[in-house]
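In: prediction below, plus the sequence it came from.
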Amino acid sequence: MKDDSEQSTPPEFISTHPGYDTRLTLFDQWMPEALSRYNEKGGTKCRVIRDEMKRARKLAAQVHDSKERRRR
């Protein structure tokens, strides 16, 4: 069995994800617009999303902990 370093990746056109080089190129292309949107209105638009995600992570952790306690 091959370890991860020996496994080859499929050609990008049949892969479900972009290749490493494509991913980095797109990241470089999209980052200026992403930062611009992030900083719009003092970053308050993104703050709402971050707060919602924080609440969702906290709820998920509570549900997980509750299930773990029931298992014991």
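Out: Nice, I can see it.

In: grab the most central residue of the protein for me.
Out: residue 53 (12.0 Å; C-alpha atoms, centre = their mean).

In: please, which helix or strand holds that residue?
Out: Using DSSP states H and E, residue 53 maps to helix 44-71.

In: report pLDDT for the residue nearest to the centre of the chain.
Out: According to the prediction, residue 53 has pLDDT 91.

In: from residue 29, how far off is it?
Out: 25 Å (C-beta to C-beta, to the nearest Å). In this view, the C-beta of every residue, glycine as well, is placed from N, C-alpha and C.

In: wait, what's in contact with residue 38?
Out: Counting by C-beta atoms under 8 Å, 6 or more residues apart in numbering, residue 38 makes contact with residue 46.

In: let's see it at 10 Å
Out: 31, 45, 46, 47 (C-beta atoms under 10 Å, 6 or more residues apart in numbering).

In: pLDDT below threshold where in the protein?
Out: 1-6 (pLDDT under 70).

In: distance of residue 8 from residue 23?
Out: Counting by C-beta to C-beta, the gap from residue 8 to residue 23 is 17 Å.

In: ok, the two, which is more surrounded?
Out: residue 23 (12 against 6; other C-beta atoms under 10 Å).

In: the more buried one: what's it in contact with?
Out: Each residue near residue 23 by C-beta under 10 Å, 6+ apart is listed here: 12, 17.
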